[in-house]
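A.B. asks: For reference, the sequence and a predicted model appear below.
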There are 2 protein chains.
Amino acid sequence: MELAAAKLKFIEAWGKLGSEWGINRTMAQVHALLLISAEALTTEEIMENLSISRGNANMTLRDLIGWGLIEKQHKAGERKEYFFADKDVWNIARQVAKERKKRELEPVLKVLNELSNVAGDEKDPEFKTFKKSITDINKLAVNVDKTLETMLKAEENWFWGSILKVFK
Amino acid sequence: MELAAAKLKFIEAWGKLGSEWGINRTMAQVHALLLISAEALTTEEIMENLSISRGNANMTLRDLIGWGLIEKQHKAGERKEYFFADKDVWNIARQVAKERKKRELEPVLKVLNELSNVAGDEKDPEFKTFKKSITDINKLAVNVDKTLETMLKAEENWFWGSILKVFK
DNA sequence: TTAAACTTTCAAAAATTATTGAAAATTTAT
DNA sequence: ATAAATTTTCAATAATTTTTGAAAGTTTAA
């Protein structure tokens, strides 16, 4: 396969994966494009490459900066902005984990905590079932949260070394 | 907070979480409803409880069965079908992990593997960057895959015990 | 059989989400 | 200051996803 075809295929696959996990397809594609670009690209180049509008490119790039996945660069003597992706895959994984933990896991943990304290009749099967499900989900969520917390602090080798060694 | 209000709040939170992770909101809500129901429910009851149409309820229930999260039950002397959710949260987590691994991770691993074999000019920075990104992502994905594989086979206590002990 | 009870299907409609593109805003060089 | 280059905004439009609801299909009891 040619490099150009391979790039297209990767951009498509990354976009699909993103959309299956609740991340805007275009955002994932722009990220993919920058991930496999040796050089930083301009908004113009990204627009052309992915056939998207200026407005879309601008908003998507802003979001990607918000996720901590890309950064703006400036070239000496040039007006326009260049965009460059962090290529360290472990950094990327941590950054995504960090953002999703903050945006999605933490709010749910908060709700689960509130719901853990609902008072009711211990003889009522409906109450008992509710309470048990909430408590169990809460425990699982806390474990996931702790593991992510560890991952955020860890070096890649140490993290996978620890996990895979124990599981071998 | 009243049990009724707490149930509503949980259904809403579970639905929101689902939609943020690429799972249809209604599907997550039906799952939530059954998770906190002591008794199996009929399609009719689910429709009323969540204010959704018969068609929607039917399709959603079929999908949930496809995900292995709920099952049909029949009551002696009754025509209609009842639906009941597995309440074991560790089973649920494994089931979701298993399905998403199969549906989403494995196809991506396949593509990454193909892309790992793209030939090109080692002197070309574009080729080198592409190759390195793909190789690194591939390694990460393989590690995730192995960890999920272990999780699928593991008992809850053993799994979290191993992870959290190492990380303490 | 027949018919009532119940479930499934799917084209059309509604709701949601993503994208466009042109105008407004901003920045920079002169 | 002026104007060209560039970026940002956002109302309108398009695309996608979800939901509806009524008709068709199936099952069961008598």
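C.D. replies: All right, it came through fine. Numbering: from 1, shown residues only, chains lettered A, B, ... in the order given.
A.B. asks: what residue ranges in chain A are flagged as low confidence?
C.D. replies: A:167-168 (pLDDT under 70).
A.B. asks: at 90 instead, please
C.D. replies: The model of chain A has pLDDT under 90 over residues A:1, A:161-168.
A.B. asks: could you pull out the strands for it?
C.D. replies: Shown for chain A, the strands assigned by DSSP state E span residues A:41-42, A:70-74, A:81-85.
A.B. asks: any chance of these in TSV, plus mean neighbour count?
C.D. replies: In this view, the C-beta of every residue, glycine as well, is placed from N, C-alpha and C. Conversion of the strands of chain A to TSV gives the following (neighbours: other Cβ atoms under 10 Å in any protein chain shown):
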stretch	mean neighbour count
strand A:41-42	18
strand A:70-74	15
strand A:81-85	18
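A.B. asks: which one of the ones you listed lies closest to DNA strand C?
C.D. replies: Minimum separation from DNA strand C across those (Cβ to the nearest atom of the strand) falls at strand A:70-74, 8.1 Å.
A.B. asks: Tell me the strands beside the closest one, with direction?
C.D. replies: strand A:81-85 (antiparallel) (DSSP bridges).
A.B. asks: The partner strand and DNA strand C in contact?
C.D. replies: No. Applying Cβ under 7 Å from any atom of the strand, one finds strand A:81-85 separated from DNA strand C by no less than 9.5 Å.
A.B. asks: which residues touch that strand?
C.D. replies: Residues from elsewhere that reach strand A:81-85 (Cβ atoms under 8 Å, 6 or more residues apart in numbering or on different chains): A:31, A:34-35, A:37, A:39-43, A:46, A:61, A:64, A:69-75.
A.B. asks: now do 10 Å
C.D. replies: For strand A:81-85, the external contacting residues (Cβ atoms under 10 Å, 6 or more residues apart in numbering or on different chains) are A:30-43, A:45-46, A:57, A:61, A:64-65, A:69-75, A:92, B:133.
A.B. asks: same deal with stretch A:158-168?
C.D. replies: So stretch A:158-168 is in contact with A:90, A:93-94, A:147, A:150-155, B:139-140, B:142-144, B:146-147, B:149-151, B:153-154, B:158-159, B:161-163, B:165-167, going by Cβ under 10 Å, 6+ apart.
A.B. asks: Are any of the contacts of strand A:81-85 buried, and if so which?
C.D. replies: Buried members of these, counted by 16 or more other Cβ atoms under 10 Å in any protein chain shown: A:30-37, A:40-41, A:43, A:45-46, A:57, A:61, A:64, A:69-70, A:92, B:133.
A.B. asks: out of the residues you listed, which touch DNA strand C?
C.D. replies: Checking the buried ones among the contacts of strand A:81-85 against DNA strand C by Cβ under 7 Å from any atom of the strand, not one of them is in range.
A.B. asks: on that earlier part again, just the buried members of the contacts of stretch A:158-168?
C.D. replies: Neighbour counting over these (16+ other Cβ under 10 Å) leaves A:90, A:93-94, A:147, A:150-151, A:154, B:139-140, B:143-144, B:147, B:150-151, B:154, B:159, B:162-163, B:167 as the buried ones.
A.B. asks: Out of those residues, list just those in helices.
C.D. replies: In helices, defined here by DSSP state H, the members of the buried ones among the contacts of stretch A:158-168 are A:90, A:93-94, A:147, A:150-151, B:139-140, B:143-144, B:147, B:150-151, B:159, B:162-163, B:167.
A.B. asks: follow-up on the earlier one: near DNA strand D too, which of the contacts of strand A:81-85?
C.D. replies: A:42-43, A:61.
A.B. asks: Report back the residue of chain A that's furthest from centre.
C.D. replies: A:Lys123 (43.1 Å; Cα atoms, centre = their mean).
A.B. asks: In chain A, what residue lies closest to DNA strand C?
C.D. replies: Closest approach between chain A and DNA strand C, counting by Cβ to the nearest atom of the strand: A:Gly55, at 1.8 Å.
A.B. asks: residues near that residue, how many?
C.D. replies: A count of nearby residues for A:Gly55, using other Cβ atoms under 10 Å in any protein chain shown, gives 9.
A.B. asks: Give me the distance between it and A:Ile23.
C.D. replies: If you measure A:Gly55 against A:Ile23 using Cβ to Cβ, to the nearest Å, the figure is 19 Å.
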